[in-house]
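K.L.:
Fold the following and give me the result.
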Amino acid sequence: MPIRLQTNSINIKLSKVFYIFLLCVLLGKLNGQYNKDFEKNYTPLISKGNLPKELNLIAFEKAKNLTDTLNPKAQNHKINKDFYTLTTFSEDEILKSGNVLYNTEVNDYINKIADVLLQNEPVLKSKLKFYVLRENLSNAFAWDNGHIYISLDYIARYNTEAQLAMTLSHEIIHYLKSHQYSGYRKRNEIIKQLSGKLNNDTIWKQEREFSKAQESEADMEGFELLKKSGYNTNGIPEKFDLMLLSDYSFENTPFETDYFNNQYLKINPAIFYQEVKPVNIDANYDDTWDTHPNIYKRKKAIEEKISSQINTEGKDFIVSKDEFYRVRDICRFETILCNIKDFELETCVYHCYCLLKKYPQNIFLKNIIAEVFYQIAVYKSYRDINGGVFDYINLKDNDKTNSNRDSTMGHVAQTKKMFERLNGEDFLLLAINQNYKLYKESNFSEQQLKTNLDTLFNILSKVHNLNYRDFHKNETEYNQRTIYVNDSISKNRKFVDAIYRQSAFIHYMNDKEFISFFKDTSSVNEFGLKYISKGRLGKIPDPDIKYKKYTAYNKEEIKKISKIIMLDPYFEKEMYKIQDVESFPIDAYNNAIYFKTELTKAFEKEKVQVFHINDSRFDTSETEKYNHVALINNIISENDMHYKLSSMRTFATKSEGVIETKYGTPYVVQVTANETIYDNVIFLVNGIKVLRDIKMFEYCMDIVNVEKGITVYRISLEQSRKVTEEELKIQIDSDIKNILTIKNN
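P.N.:
I've put the predicted structure just below:
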């Protein structure tokens, strides 16, 4: 009996050991599976399941439903009505933009964290909805209706689940304290005080101080909510450090300056910074005019709370450490797509580099780098293609810079330096290598890579006057050359010593497929350029694009239009009262309806069929249509960044036949207009205060082929006066007639 007991005991112990071993194996497989998902590729997020019921009503209906419940005799009736109207229209634009993701893996994880935070508050949890925003905003915000948004790139920055939970806690407090509504009321009080006052800085500072007080309250009470939930609070000060770096990349991994080199093609290391200084941010930056307190002050306040705690035990991860890192990687992949859409191509390449260190075989990342190099090679050669003065660097909008931030950007500065120093020819060499390598690995089956290469080789010949005779064909020739080229005028190069040019293609020069690109005189490419074996043409115009003062169009594409998809026109009306902004969403809504009606009539009058893909609403089951609208919006948004070279296609988002198959046309038209009234602008004329109104009107019509990702037609107008509805109708008719004239000639 005792022996049997001992045997059973041993069996039990062995069973436990085996169970633990099996569990570890399974967990290891799961962890490995997380990585395997991204080892080879990445599939961008799309919304799934049923859409929220908030998308089923148009903004006008939602606002009316809310304002009808208000007591018209209440003291603050007008303020309340305006608040509900403004916030409803503002949020509706976000909800239906296509940039909000519904029911994705990231949404599920955020909701799990919210369940932990509100485990003892089921009623409160039922009032809240958490949405993920596909934008590089590094932001989270709460609405007084219980909707809380967080941007993907914000999630991409955190190091622990507790830090992410702190952000959600902060926003939950904003909701509980009705900060959005109280802030709106405070702003209205400020407006009343401003009447007739020239020196109003003191008054506006009151509004900023009120906003900062709200943020501090959300920090302090959000911290308490986090602590009660069982999360470790010791890592929260680091969260504020990450907030300080929100203008920069999500990682600060050292960049290997030879990363894009091979045995023969080498970038001169001298073009890079020899030393990357640490990011230096002034801890005492002035927050007088900020809506949020100085971040160091916020961090210090949290550190003081932590130091006063008796018990600081808690967990960095409660839901799942593995799930956190997986979701963070997803958000980092999505951040790269947003980099492209926002034309932050240097940062995009650096982010790809960071993720490739973890997933070195990921084809998604490799393709993006190849495409970025291709686009920059074309952009930097564009002045030579069209004889214009365009330069990629001049196009960049450095709105990320801030006077409170040091110019040092961390290791991402190395890719920025590379993009600045390498010229069009240098990027052509890099782009050809990157694209051909992938083309060869695809067994020469990827048509887009072939089109890229056709274009690059044609530009190499026509713009930079190079052909296969200008490159080494074997290692013997390469070994005879041991120093950089020093001839500063050779081949019309700005930085002759940036790349060992002649050795660029040694490993491909005996490849028949590669050589065929040099010799092909009938290739199909982005600009219709024909390869020439030697000799340079002067000005090489793009035959498909005609530039006028505000108009660009592609004649061949316009001729193909018989059916067009119309996105709901967007009309914004704003009034500036001295320093405050008030929107008029009802007027804007009515004008958008007017635009839509007139635009439809004008197209159909000219026998062009119009399909309205969305009518400012989506049924809960119309997730596919919502994803299509999101797809189109993202293509148009990225395409909008190519306004200087409208034949360049988009590549962050691709339709791949989805839109044309579903709706019978690849052509989409979008009209946007903005009417701005600067009310009572103060001028001093001979020492006398003069008040007058200034009216501005901006109008833009875009037609885009979403399958090719290129601009078909664009007109952009800006007028310093008020525009009547009749004038809008005339403008729309004029545009349609212009398009049809091009189509029929």
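
K.L.:
Looks to me like Gln670 is in a strand.
P.N.:
Yes - under DSSP: H, G, I helix; E, B strand; the rest coil, Gln670 falls within a strand.

K.L.:
Next, the contact list for it, please.
P.N.:
Listed by CB atoms under 8 Å, 6 or more residues apart in numbering, the contact set of Gln670 reads Met566, Leu567, Pro569, Tyr570, Ile636, Met701, Asp702, Val704. Using the backbone N, CA and C atoms, a C-beta is placed for each residue, glycine as well.

K.L.:
any idea how far it is from Ile295?
P.N.:
Distance, Gln670 to Ile295, by CB to CB, to the nearest Å: 38 Å.

K.L.:
Point out where the stretch 201-350 of the chain drops to low pLDDT.
P.N.:
201, 311-312 (pLDDT under 70).

K.L.:
Buried subset of the contacts of Gln670 as a ChimeraX selection?
P.N.:
Buried residues within the contacts of Gln670, by 16 or more other CB atoms under 10 Å, are selected in ChimeraX with:
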select :566,567,569,570,636,701,702,704
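
K.L.:
Take the contacts of Gln670 and lay them out in a markdown table including secondary structure.
P.N.:
Output for these, formatted as a markdown table (three-state DSSP):
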| residue | secondary structure |
| --- | --- |
| Met566 | strand |
| Leu567 | coil |
| Pro569 | coil |
| Tyr570 | strand |
| Ile636 | helix |
| Met701 | strand |
| Asp702 | strand |
| Val704 | strand |
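
K.L.:
Dump the contacts of Gln670 to TSV, plus pLDDT and distance to Lys299.
P.N.:
Shown next, in TSV, are the contacts of Gln670 (pLDDT from 0 to 100; distance: CB to CB, whole Å):
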residue	pLDDT	distance to Lys299
Met566	94	49
Leu567	92	43
Pro569	88	45
Tyr570	85	39
Ile636	89	40
Met701	89	47
Asp702	90	44
Val704	93	45
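
K.L.:
Can I get the contacts of Gln670 in CSV including distance to Asn627?
P.N.:
Formatted as CSV, the contacts of Gln670 follow (distance: CB to CB, whole Å):
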residue, distance to Asn627
Met566, 18
Leu567, 14
Pro569, 21
Tyr570, 20
Ile636, 15
Met701, 25
Asp702, 21
Val704, 18
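
K.L.:
Which one of the contacts of Gln670 is nearest to Glu39?
P.N.:
Taking CB to CB as the measure, Glu39 lies nearest Ile636 of these, at 32.6 Å.

K.L.:
Setting the sequence-adjacent residues aside, check what's closest to that closest one.
P.N.:
Val704 (5.4 Å; CB to CB, 6 or more residues apart in numbering).

K.L.:
separation between the one you found and Ile659?
P.N.:
11 Å.

K.L.:
where along the protein do the strands fall?
P.N.:
Per DSSP state E, the chain carries strands over the ranges 100-101, 129-133, 140-142, 147-151, 545-547, 551-554, 563-566, 570-577, 580-583, 609-612, 667-685, 688-705, 710-719.

K.L.:
residues near Thr476, how many?
P.N.:
By the measure other CB atoms under 10 Å, the count of residues near Thr476 is 8.

K.L.:
For the protein, which residue occupies the most central location?
P.N.:
Nearest residue to the geometric centre of the chain (CA atoms, centre = their mean): Cys338, 2.7 Å.

K.L.:
rewinding a little: shared neighbours, Val704 and Ile659?
P.N.:
Val668.

K.L.:
Perfect, I'm done here.
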